[in-house]
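In: Dropping a prediction and its sequence here:
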Amino acid sequence: MKGIYILADYPDKKTFEKELTYAMNSNIDFIEIGIPFNDPVADGPTIAKAANEIAERGYDLLSIIDLIGELKKKKVYLMTYSNIIYKFGVKKFSDIAKGIVDGLILADLPNRGHNFFYKLGLEVDIINFLTPESRDNAIKKLVNAEGDFIYFIGVRGITGGEVDFNNSELRSKYISIKKEIDKKVILGFGVKTKADTKTIMEYADGFVIGTEIVKRQNNYKEFKKYIDEIFTT
Amino acid sequence: MKGFFGEFGGQFVAETLMPALDQLEETFEKLKEDEEFNKKLSYYMNSYAGRPTPIYYAENISRKYNTTLLIKREDLLHTGAHKINNTIGQGLITKFMGKKRIIAETGAGQHGVATATIAALLGLDCTIYMGKTDAERQETNVRRMKLLGAEVKVVDEGSKTLKDAVSSALRDWITNVENTHYIIGSALGPHPFPTIVAHFQSVIGRESRQFFIENKESFPDYVIACVGGGSNSIGIFKGFLDIDTVNLIGVEAGGRSSKIGDHAMSINHGEKGIFQGSLSYVVQNSIGQIANVHSISAGLDYAGIGPEHAYLHSIGRVKYDSVNDDEAMEGFYLMTKYEGILPALESSHAVGYFLKHHKNFQGKKVLLLLSGRGDKDMGIVNEYEKEKGIL
Ligand SMILES: Cc1ncc(COP(=O)(O)O)c(C=O)c1O
């Protein structure tokens, strides 16, 4: 499962639509669409700056979901922060997103907080996280977890950092997780190059690229070139 | 999810932080009952920070307004504000956890200074995050932190104030959680922080309550405190929550006006929202983006408020009101000229509230919490006077 993270409405609606269309027609398996929030604590400078810009300008979540519905050819996950969904209205969001969105990723919601949103009427699966710090009991809890995959944050840190995907600590943590869990486990945070993706695919189910995509979103040509380079085999 | 006060609170943070929050909770639960820990805590609180702080009968103001105004003097503490109650407590927790580094956010610089002070005392590495706007308007405190050996990272992102300092501190913590403890400076953030900070600040309320008992006096009719994130106020409120006859009043920063961007009134002009770790009241726009806020006092310049306050508001136990920049300045002048006490601009909001409503307090007993001293605010006061043509 190879995926990208792309920030909604960035750098502007039209370019975003073009790029999303391109991604939908590429070799990518899934797309995470970032809904901007102006306090993105889990994001590094690249995504944070872009998200701040769009958040300040304002956007319409409804029309973003509509657009996804129109263009959809792949699995799509919305990635954002709790307050965006909470403020929009959890039930209202759920009713609109249910048939279109395959899952919700909330960067500031730990696994044990999912029920907070389900109780408010959310019927879209929330994707679970694991990290290098996750303790055994936290991993075991996810054996029958909801969601299409588990998001493994390979680094202690935020998006856009430097990660060596060959390092043995990371590999062995990944392998120990897979011993417990049958579900797909996707590596995210810090994936940059074709070489990274090759290394990851030696031992993992998949990856998602974020910062490197967002960096290229304001240049359609560069965006296409990068997608072609990473996702053609 | 743990840590709710009614419907407010919780742990809205990245999964990466959960082991650290669990560890912190376990350690805190153990230590707060631990004899050795509490002995150390009171030792530093008393001999280092200067506790207990006095309660002063403000004779001139009382006479002027025909009331009994008592002032709890947290401004007399080492480093000049109540913030050190929390940093001593959390500094000791850090030592017990075996972590070597502390980080903190700061708005006015008071919490940053209190954290840097404790780092120097306990031999811990220290990094302080401060928004660029705040670093500029509270320059002396930046200098103090550096002298104390702390690294000050100026945050030039977003609104360049407290919100962005908290986010940067959280990012640092996510990255360095193994060897670093984050000393959050107010009763906010994810569980267990609101509870921990309230625990260490509740010494203010305990001492105050004791004052009335020891002097065989009736309890006050009103307790007034300013509310930024809500740590000084929750500290004093804790001493009186169970006494129904004591009216508790939290004063938010009304800023320039009640237009979004002009104030920091989370309860009076915010809505329920999830911000920096907990569900509470947040100043935000229609699509859930956190609003820019303003207050003449950097320490109240924050879009959120601790979740326990949201709860106390929801059950009607505490009344949350506000005063604007000018009213706070009037409070500042009153306290300075009539009592010879220069209050911090944060604390001046509590004084401003007293002044604005002094008619209600005739013949009553009022306990006002002076959370800090105003030396740090000379630059802002100068600016204010220039703008108003007073200088
Ligand atoms: C003197 C003083 N009072 C009050 C505050 C506001 O914080 P809190 O509401 O947590 O007490 C600050 C914050 O910097 C402060 O320095």
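Out: That came through fine. Please read these numbers as outputs of a predicted model, since none were measured by experiment.

In: can you pull the pLDDT of A:Ala51?
Out: If you check A:Ala51, the pLDDT there is 97.

In: same question but for A:Lys92, I mixed them up
Out: 98.

In: Neighbours of whichever residue of chain A sits closest to chain B, how many?
Out: Closest approach between chain A and chain B, counting by Cβ to the nearest Cβ: A:Lys87, at 3.1 Å. For every residue, glycine as well, the C-beta is placed using N, CA and C. Number of residues near A:Lys87 (other Cβ atoms under 10 Å in any protein chain shown) recorded here: 21.

In: Quick check, it in contact with B:Gly288.
Out: Yes. Between A:Lys87 and B:Gly288 a contact is recorded at 3.1 Å, counting by Cβ atoms under 8 Å.

In: Name the residues contacting each of those two.
Out: B:Gly273 (Cβ atoms under 8 Å, 6 or more residues apart in numbering or on different chains).

In: Low-confidence stretches in chain A?
Out: Low-confidence segments of chain A (pLDDT under 70): none present.

In: for it, what spans make up the helices?
Out: Per DSSP state H, chain A carries helices over the ranges A:13-24, A:45-57, A:61-71, A:82-88, A:90-97, A:114-119, A:136-140, A:168-180, A:194-203, A:211-216, A:220-231.

In: Could you check the angle the fifth one makes with helix A:61-71?
Out: If I follow you right, that is helix A:90-97. Interaxial angle of helix A:90-97 relative to helix A:61-71 (axes from the mean of the first three to the mean of the last three Cα atoms, to 10 degrees): 20 degrees.

In: Could I get the buried residue list for helix A:90-97?
Out: With burial defined by 16 or more other Cβ atoms under 10 Å in any protein chain shown, the residues of helix A:90-97 counted as buried are A:90, A:93-94, A:96-97.

In: cool, the last one as well?
Out: If you call a residue buried by 16+ other Cβ under 10 Å, then helix A:220-231 has these buried ones: A:223-224, A:226-227, A:230-231.

In: and if you look at the third one?
Out: For helix A:61-71, burial by neighbour count (16+ other Cβ under 10 Å) applies to A:61, A:64-65, A:67-68, A:71.

In: Save these as TSV, and put in distance to chain B too.
Out: Below are the buried residues of helix A:61-71 laid out as TSV (distance: Cβ to the nearest Cβ, whole Å):
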residue	distance to chain B
A:Leu61	7
A:Ile64	11
A:Ile65	13
A:Leu67	16
A:Ile68	17
A:Leu71	22
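
In: Between those, which sits nearest the ligand?
Out: A:Leu61 (32.8 Å; Cβ to the nearest ligand atom).

In: Contacts only, for the nearest residue to that closest one once chain neighbours are set aside.
Out: Leaving aside its sequence neighbours, A:Leu61 sits nearest to A:Phe88 (Cβ to Cβ, 6 or more residues apart in numbering or on different chains; 5.9 Å). Residues in contact with A:Phe88 (Cβ under 8 Å, 6+ apart) are A:61, B:287-288.

In: The stretch 251-391 of chain B against the ligand: which residues are in contact?
Out: B:299-300, B:344, B:346-347, B:371-372 (Cβ under 6 Å from any ligand atom).

In: so which one among the residues you listed has the lowest pLDDT?
Out: B:Gly299 (91).

In: So which residue is dead centre in chain A?
Out: Centroid-nearest residue in chain A: A:Glu32, 4.3 Å away (criterion: Cα atoms, centre = their mean).

In: these two touch, right, that one and A:Lys2?
Out: No. In this structure A:Glu32 lies outside contact range of A:Lys2 using Cβ under 8 Å: 11.8 Å.

In: What are the neighbouring residues in contact with residue 201?
Out: No chain specified, so I'll use chain A. A:Phe207.

In: you looked at the wrong chain, it should be chain B
Out: Here B:Gln201 is in contact with B:82, B:85-86, B:187, B:231-232, B:234-235, B:238 (criterion: Cβ under 8 Å, 6+ apart).

In: Give the helix, strand or coil label for it.
Out: helix (DSSP: H, G, I helix; E, B strand; the rest coil).

In: Pull up the gap between it and B:Gly80, please.
Out: 16 Å (Cβ to Cβ, to the nearest Å).

In: my read is B:Val223 is in a helix, agree?
Out: No. Assessed with three-state DSSP, B:Val223 is strand; it does not lie in a helix.

In: Find the closest residue to chain A in the stretch 201-350 of chain B.
Out: Counting by Cβ to the nearest Cβ, the stretch 201-350 of chain B gets nearest chain A through B:Gly288, at 3.1 Å.

In: Now do the SS call for that residue.
Out: Applying three-state DSSP: B:Gly288 is coil.

In: wait, doesn't it sit right on B:Gly273?
Out: Yes. In this structure, B:Gly288 is within contact of B:Gly273 by Cβ under 8 Å, at 6.6 Å.

In: So which of the two has more stuff around it?
Out: B:Gly288 (25 against 22).

In: Right, I'll leave it there.
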